[in-house]
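[1] here is the input, now give the coordinates:
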Amino acid sequence: MKTVGLIGLEGPAAKVAERLLGAGHKVVLWDKSKKLRDAFKGRAELAESTRDLAQRADVLLMMLPDPNEVVEICTTSQGIYDSMKPGKIVAVLSASLPSHSIQLSEKLRRRGAAFVEAPVIGGIEEIERGSAITLVSGGRAAYQELLDVLKSFSSRVYYMGEGFSAMAAKLAISLMAASYAEALGEAVALASSAGVDIKAFAQVVSSVCGERLPFGISVGEVLDGSPRPSVSLSTLLTELRLAIATADERNVAIPSAGLLNGLYTAALSGGGDADYTAIVGFVKGLSTPSEGA
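    Presented below is the predicted three-dimensional model:
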């Protein structure tokens, strides 16, 4: 049985770890937070460092909130690079800059290891239920070796081909999610100003646009202010900024992205790191007169 290593245990990554363990995989875990590591004590092997994990694992999954940390861990001797050997596979599950994938693939190939993009699309509860969607690009042989591991937390796994395209597709989906949630905030502001009953409006939106926003939250939950945890504001903002950077690199116009970046940045700074759907209330609040106005 191959040993699966997971680097990162924050937020949704912890749910990935739980699913891997539940599926019976031999798992070794690492996170820079001792508290997050200790939550798995007695249930999984715990590595002392990323280097230690890389020495013990055959398949290395990385799910980290900071995309720059992925590059650092993959390419330095303090990270996993010196521990790479022929046959090992490194898969990045969290969002990163697509232009880094070729760099990382070439770097790890020098050690005989394969690099795969495998970004996960889904909220915390979707991962917990095993109903996330995972996109994969990279070598087909590595994809086939990874498939059973990815199915531990994904109901659908899409192979996007050998050219690195999965990460760009992930960022495109995140851009759509950010746009939809912000547009819902504007729609609620307009409907509320006309005295529309919001519960009735939620039913109409669900009938016209579907019952759920991206990442598994229902329209009704969002509009009544009780969304379940899915994707955090900070995570979606990171992915939105990565989408903008990717568009700039490729000279692609995404004109609404700059506005979305400003709105999500303001929402994060004004209300803490809530679920990304907090943007709905934030945008609606822009139209609410302040007291005494």
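[2] how about the secondary structure of residue 133?
    strand (DSSP: H, G, I helix; E, B strand; the rest coil).
[3] what count of nearby residues applies to it?
    By other Cβ atoms under 10 Å, 16 other residues sit near residue 133. The C-beta positions use only the backbone N, C-alpha and C, and glycine is treated the same way.
[4] residues touching the nearest residue in space to it that is not next to it in sequence, list them.
    Distance criterion Cβ to Cβ, 6 or more residues apart in numbering; nearest residue to residue 133, sequence neighbours excluded, is residue 121 at 4.4 Å. Residue 121 is in contact with 132, 133, 134, 135, 170, 173, 215, counting by Cβ atoms under 8 Å, 6 or more residues apart in numbering.
[5] ok, now residue 21?
    Residue 21 sits next to 27, 40, 43, 44 when contact means Cβ under 8 Å, 6+ apart.
[6] at 6 Å instead, please
    Counting by Cβ atoms under 6 Å, 6 or more residues apart in numbering, residue 21 makes contact with 27, 43, 44.
[7] which pLDDT value goes with the second one?
    Among the per-residue scores, residue 43 holds a pLDDT of 93.
[8] quick one: pLDDT of the residue nearest to it when sequence neighbours are not counted?
    If the residues on either side of it in the chain are set aside, residue 43 comes closest to residue 21, at 6.0 Å by Cβ to Cβ, 6+ apart. Looking at residue 21, its pLDDT reads 98.
[9] looking at this, residue 21 is in a helix?
    Yes: under three-state DSSP, residue 21 sits within a helix.
[10] any idea how far it lies from residue 265?
    36 Å (Cβ to Cβ, to the nearest Å).
[11] and the contacts of stretch 2-19?
    Against stretch 2-19 from outside (Cβ under 6 Å, 6+ apart): 20, 25-31, 36, 50, 53, 57-65, 124, 127-128, 130, 149, 152-153.
[12] of the residues you listed, just the buried ones, ChimeraX syntax please.
    Here is the ChimeraX command that selects the buried residues among the contacts of stretch 2-19 (16 or more other Cβ atoms under 10 Å):
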select :20,25,26,27,28,29,30,31,36,50,53,57,59,60,61,62,63,64,65,124,127,128,130,149,152,153
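[13] for residue 265, give me the pLDDT.
    At residue 265, the predicted lDDT confidence score is 96.
[14] give me the nearest residue to it, chain neighbours excluded.
    Residue 265 sits nearest to residue 237 (Cβ to Cβ, 6+ apart), 6.4 Å away.
[15] is it true that that neighbour touches residue 264?
    Yes: Residue 237 is within contact range of residue 264, at 4.6 Å (criterion: Cβ atoms under 6 Å).
[16] quick one, what contacts residue 61?
    6, 91, 93.
[17] closest to residue 111 out of the residues you listed?
    If you rank these by distance to residue 111 using Cβ to Cβ, residue 91 comes first, at 15.5 Å.
[18] quick one: the closest one and residue 167, what's the gap?
    For residue 91, the distance to residue 167 - Cβ to Cβ - is 11 Å.
[19] got it, and residue 238?
    Distance of residue 238 to residue 167, computed by Cβ to Cβ: 13 Å.
[20] between these two, which one's more packed in?
    Legend: neighbour count by other Cβ under 10 Å for residue 238 and residue 167, higher for residue 167 (26 against 19).
[21] residues contacting that one?
    So residue 167 contacts 98, 117, 119 (Cβ under 6 Å, 6+ apart).
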